[in-house]
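**Student:** have a look; sequence and predicted model below, questions after that.
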Amino acid sequence: MTPNEALERLLPSYIRYYDVIREGVEPPFAAEARFHSHNEQYILVKSARVSEADSHEYIYFAVADELDAARAAELDAAAWERGMAWVKPHSAHRNSDVTLVVLAEHITPDAAAFIKKSRHYQSYRFGLQGWSNYRAIALETSSGTLTYNRLGGDLKKLFRNIQNSK
């Protein structure tokens, strides 16, 4: 399976809940996905609001023939920067997470080590206005090997399903 075929198999699983953008995406990314959720709790009437929370996620998909450490660092920085540009902390903001998904034919050992160690975190007003976490996952399409950071492990099941649908 090529990286582009893997992207075509992966994106439909996001379409149901995310706004997937394929056209007009700025390089180095091939696609983007955005998720927005607003939750309110109130007592008896909506004007008696107890709490509200906004949650967001911004996913950036990259396709490459070979992923080396320099390219991984470039994609990592670009995804975090673009995702953070969307964040608008306020009293009802819970979280705005950024995710990088890389689909590559080959991943060098240095790039795999970089992805495993990649971590970004931002707290807004000591967590009172929410936080931002970073997840990264890369699929080597030639071998089916997954590499991910600590938070990116949550995406393993989605990728296993993509690999098994050959």
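**Tutor:** Noted; the coordinates are in hand. What you are looking at is a predicted structure, and each value in this text was computed from that prediction instead of being measured.
**Student:** give me the neighbour count for Arg125.
**Tutor:** 11 (other Cβ atoms under 10 Å). (Glycine included, C-beta is placed from N, CA and C.)
**Student:** one more: Thr145?
**Tutor:** By other Cβ under 10 Å, 13 other residues sit near Thr145.
**Student:** now it: how far from Pro27?
**Tutor:** Thr145 is 25 Å from Pro27, where distance means Cβ to Cβ, to the nearest Å.
**Student:** same question for Pro3.
**Tutor:** Pro3 is 15 Å from Pro27, where distance means Cβ to Cβ.
**Student:** for the two, indicate the residue with more neighbours.
**Tutor:** Pro3 (23 against 7).
**Student:** next up, phi/psi of that one, please.
**Tutor:** phi -60, psi -40 (degrees, to the nearest 10).
**Student:** pLDDT at the closest residue to Leu151 other than its chain neighbours, what is it?
**Tutor:** In this structure, Leu151 finds its nearest non-sequential neighbour in Arg135, 4.3 Å apart by Cβ to Cβ, 6 or more residues apart in numbering. Looking at Arg135, its pLDDT reads 96.
**Student:** confirm that Arg135 sits in a strand.
**Tutor:** Yes: secondary structure of Arg135 (DSSP: H, G, I helix; E, B strand; the rest coil): part of a strand.
**Student:** run the chain-centre distance for the longest strand along the chain.
**Tutor:** In the chain, with assignment by DSSP state E, the single longest strand is strand 49-67. The chain centre lies 5 Å from the centre of strand 49-67; the measure is Cα atoms, centre = their mean, to the nearest Å.
**Student:** strand partners (parallel or antiparallel) of that strand?
**Tutor:** strand 31-42 (antiparallel), strand 93-107 (parallel) (DSSP bridges).
**Student:** ok now the longest one, how far from the chain's centre?
**Tutor:** Going by Cα atoms, centre = their mean, the spacing between the C-alpha centre of strand 93-107 and its chain's C-alpha centre is 3 Å.
**Student:** I appreciate the help and will end here.
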